[in-house]
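[1] Take this sequence and fold it.
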Amino acid sequence: MDRPTEPNKGETESKPTDKKISRRDLLRLAGVGGAGLLLGATGVGSLFSGQMRSAAKPASQVPEDKSADIVSFYGKHQAGITTPAQDFIIFAAFDLTAAALSDVRKLFQDWTNAAAAMARGELLGDTNDNLNLPPSDTGEAEGLSPSRTTITFGVGPSFFDGRYGLGGKRPAPLIDLPAFGGDELREEWSGGDIGVQVNANDMQIAFHALRNLARIARGKAVLRWTQEGFQRTSSSDPSGATPRNLMGFRDGTGNPDVTDEAEMNKVVWASTSDGMHWMDGGSYMAVRRIRMRVEVWDRSTLGDQEATFGRHRASGAPLGAVHERDKLDLDQKDEKGKPVIPMNAHVRLAHGDGSVKILRRSYSYSSGMDNKTGQLDAGLLFICYNRDSRKQFIPMQQKLGQSDLLNEYIVHTGSAVFACFPGVSEGGYIGETLF
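    Numbering: from 1, shown residues only. Now for the predicted structure:
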C-alpha cells in the first residue's frame, strides 16, 4: 500500500529568517491566479518551513484530564459511524479540481494527518507563533477540549467518472439515487465527489475542523455545499434519551444495536464478499436534506401528528403501547377494527416486515428564513449508513416516498451518496485501500 510521500530529496529546505517579511513580499512570492492557488494547496507555512501543514504538535498539548474526550481517528472502521452521536454536525461535500491521482492521494494523506491531530485537540502545523508568517492553524479551537471530534470521509459516484483512472473500482452499491416521491432537489445541496462528516460536542470545534480541511484542500478540491446541524446537547439531557426532531418526535428509536458486532456486519459494514475489496470494513452513506413545513405542522392537531408518525409524541411509544422501546405491533386493531397504527404511518412503512434496517445518524438543521416565502428553512439533515443502499435505503425510501403520511409536511431538497472508506491504522492514510 502507498504511504504518505517523503519530501523531494532534491529540494532545498528553507527556513524562516530573522528578516521581517512584508505582506507585499508574501503576495509576490505567492504570485497571482493559479500560482496563488498552488501556494494555498501547500500552505504558506510549509513553503517556508518545509513541513506539511497538517503536521501535529506533540500530544502533550492536550491536558491529561481531557483524554476521555478524545475519539481516536484510527481504527478498523472510521469513527463517526457507530460512534455515539455528538451534539453537532457540519457536513460538507467537495468537488475535486486536482489534475492527477497523485494529487488526490496527497490530499487524503494530508487530511488524514490533520484529522487525527484535530481529533486529539492539537493545533495544526508548527508556524503558529511566528510573527512573520500566517499561522498554520486558524486558531479558534486553541485551548479547547477535543469535544469527541470525529471526521468521516467518503467518495461519491462522480469520484469514479474517469478523471483519475478509477472507473473500474467503483463499487456496485455506489449508485446515484433514483427519483423519490417528495423530491424537490436543488443543485446547491446535492452531490459531490467527496463527502466529509464532522461531528463534535462543540460547534466552534466542528467548524474549526472543516475550515482547516478546506484550507488544506486548496488547489485540489473546492467546497460544493455544506450544512450545519444540531440536536439537544448532552448537558441538557444527561439521561441520553433519543433526541427529538423539530416536529417534536423522537428520531432514531428503531436503530439497530451498534454494540452488536454481528448485527453491524449485517446492516452497516461492507465486506470483501460484496465484490470490492477496498471497501471491506467501510459503509455506504445516504444524505438527504429534508425541509419541514413547520408552519403547516404547527397547525395540525396532536392526534393527526401522532397518526402521521405512528407514535405517541410524549413517550415515543408506538400507538397502542406505553414505552418507547415497546414492540411495534402492526396487527393491533382498535374497537372499530381499524389498525391502531395507520397503514400509511411513517413508522409502519419504515419498519416494513422488519427485515430491512439502516443505521440513522440524523440531525436537525435551521438555515434561517426563506426570503422568498418568509417561512423558516428548517428540518432534518438525514444521514444513514448501510451495507448496500440498493437493498436497504433505496427500497425503504421508495415506499416512504409513495405513501408516507409525513410527505404532507416535508420536502426533500438535497441528496447525496458516498462510499465511506474503511478505517486506517497509524502510519497509513484514509483511502489507501482504494489508491
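
[2] hey, C-alpha coordinates of stretch 328-337 in CSV?
    C-alpha atoms of stretch 328-337 as CSV (Å, rounded to 0.1, in the frame of the first residue of the first chain):
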residue,chain,number,x,y,z
LEU,A,328,-44.2,-2.4,17.2
ASP,A,329,-47.5,-4.3,16.9
LEU,A,330,-48.6,-3.6,13.3
ASP,A,331,-51.6,-6.1,13.6
GLN,A,332,-53.3,-4.4,16.6
LYS,A,333,-56.8,-3.1,15.9
ASP,A,334,-59.0,-0.6,17.7
GLU,A,335,-62.6,-1.2,18.9
LYS,A,336,-63.8,-0.4,15.4
GLY,A,337,-61.5,-2.9,13.8
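
[3] which residues touch that stretch?
    254, 318, 320, 321, 339, 340, 341, 347, 348, 351 (C-beta atoms under 8 Å, 6 or more residues apart in numbering). No exception for glycine: its C-beta is placed from N, CA and C like everyone else's.

[4] Same list, the residues you listed, but as JSON lines with distance to residue 205 please.
    Listed next are the contacts of stretch 328-337 as JSON lines, based on distance: C-beta to C-beta, whole Å:
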{"residue": "254", "distance to residue 205": "30"}
{"residue": "318", "distance to residue 205": "37"}
{"residue": "320", "distance to residue 205": "43"}
{"residue": "321", "distance to residue 205": "39"}
{"residue": "339", "distance to residue 205": "46"}
{"residue": "340", "distance to residue 205": "45"}
{"residue": "341", "distance to residue 205": "41"}
{"residue": "347", "distance to residue 205": "35"}
{"residue": "348", "distance to residue 205": "39"}
{"residue": "351", "distance to residue 205": "36"}
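
[5] Can you name the two of those residues that sit furthest apart?
    Farthest apart among the contacts of stretch 328-337 by C-beta to C-beta are 254 and 339. That separation is 18.2 Å.

[6] so which strand or helix has residue 115?
    Using DSSP states H and E, the secondary-structure element containing residue 115 is helix 101-119.

[7] Which secondary structure elements does that helix sit against?
    Where contact means 3 or more C-beta pairs under 8 Å, 6 or more residues apart in numbering; DSSP states H and E, helix 101-119 is packed against strand 150-155, helix 203-216.

[8] Next, the buried residues of the shortest one.
    Just to be clear, that refers to strand 150-155. Under the neighbour-count criterion of 16 or more other C-beta atoms under 10 Å, strand 150-155 has 150, 151, 152, 153, 154, 155 buried.

[9] Let me know the closest of those to residue 197.
    Compare each of the buried residues of strand 150-155 with residue 197 using C-beta to C-beta and the shortest gap goes to residue 152, at 4.2 Å.

[10] Can you list the low-confidence ranges for the stretch 101-250 of the chain?
    Counting by pLDDT under 70, the stretch 101-250 of the chain contains no low-confidence residues.

[11] all strands of it, in order?
    Listed in chain order, the strands found in the stretch 101-250 of the chain under DSSP state E, counting those that start in this stretch are 150-155, 194-200, 221-230.

[12] and the closest residue to residue 246 other than its chain neighbours, what helix or strand is that in?
    Spatial nearest neighbour of residue 246, excluding adjacent residues (C-beta to C-beta, 6 or more residues apart in numbering): residue 364 at 5.0 Å. Residue 364 is part of strand 363-369, with elements assigned from DSSP H and E.

[13] Same check on residue 348?
    Here residue 348 is assigned to helix 346-351, by DSSP H and E.

[14] Output that helix in PDB with nothing but the alpha carbons.
    As requested, C-alpha coordinates have been extracted for helix 346-351 and formatted as PDB (Å, rounded to 0.1, in the frame of the first residue of the first chain):
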ATOM      1  CA  HIS A 346     -44.300   6.700   8.900                       C
ATOM      2  CA  VAL A 347     -43.200   4.100  11.400                       C
ATOM      3  CA  ARG A 348     -45.200   1.300   9.600                       C
ATOM      4  CA  LEU A 349     -43.700   2.000   6.200                       C
ATOM      5  CA  ALA A 350     -40.200   2.500   7.500                       C
ATOM      6  CA  HIS A 351     -40.300  -0.800   9.500                       C
END
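
[15] helices or strands next to it in the packing?
    helix 302-309, helix 393-403.

[16] related to what we said a few turns ago, make JSON lines out of the contacts of stretch 328-337 and add neighbour count and distance to residue 300.
    Formatted as JSON lines, the entries for the contacts of stretch 328-337 read as follows, by neighbours: other C-beta atoms under 10 Å; distance: C-beta to C-beta, whole Å:
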{"residue": "254", "neighbour count": "17", "distance to residue 300": "23"}
{"residue": "318", "neighbour count": "28", "distance to residue 300": "19"}
{"residue": "320", "neighbour count": "17", "distance to residue 300": "20"}
{"residue": "321", "neighbour count": "19", "distance to residue 300": "22"}
{"residue": "339", "neighbour count": "17", "distance to residue 300": "20"}
{"residue": "340", "neighbour count": "17", "distance to residue 300": "19"}
{"residue": "341", "neighbour count": "24", "distance to residue 300": "18"}
{"residue": "347", "neighbour count": "21", "distance to residue 300": "17"}
{"residue": "348", "neighbour count": "21", "distance to residue 300": "19"}
{"residue": "351", "neighbour count": "19", "distance to residue 300": "22"}
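
[17] Reformat those residues as CSV; add distance to residue 431 and pLDDT.
    Supplementary listing: the contacts of stretch 328-337 in CSV, determined by distance: C-beta to C-beta, whole Å; pLDDT from 0 to 100:
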residue, distance to residue 431, pLDDT
254, 32, 91
318, 42, 97
320, 48, 95
321, 45, 97
339, 48, 96
340, 48, 97
341, 44, 97
347, 37, 97
348, 40, 97
351, 35, 95
